[in-house]
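[1] Quick check, what structure comes out for this input:
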Amino acid sequence: MIYTLLSARAYLAMRYVHDGKGGTGPLPKHVIDAYVKFVTRGLFAAE
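    Have a look, this model is predicted:
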């Protein structure tokens, strides 16, 4: 499970933060919201 979370975080950084020209930028809010939902609801779903 740890590798899944680390891979997801690395992919998001690669996909959204690096612009391909050596620069970086902030993650869009919708990406952060999706990741937080995955971690909180997907892993620790209330019974």
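
[2] which element is residue 33 on?
    Using DSSP states H and E, residue 33 sits within helix 29-37.

[3] helices or strands next to that helix in the packing?
    Packing partners of helix 29-37 (3 or more C-beta pairs under 8 Å, 6 or more residues apart in numbering; DSSP states H and E): helix 2-12. In short, each C-beta sits where N, CA and C put it, glycine included.

[4] Would you mind getting the angle between the helix it packs on and helix 29-37?
    180 degrees (axes from the mean of the first three to the mean of the last three C-alpha atoms, to 10 degrees).

[5] And helix 2-12, what's buried?
    residue 12 (16 or more other C-beta atoms under 10 Å).

[6] next one: stretch 14-29
    residue 16.

[7] who touches that stretch?
    12, 13, 31 (C-beta atoms under 8 Å, 6 or more residues apart in numbering).

[8] any idea how far residue 33 is from residue 22?
    For residue 22, the distance to residue 33 equals 27 Å [C-beta to C-beta, to the nearest Å].

[9] Many thanks, I have nothing further to ask.
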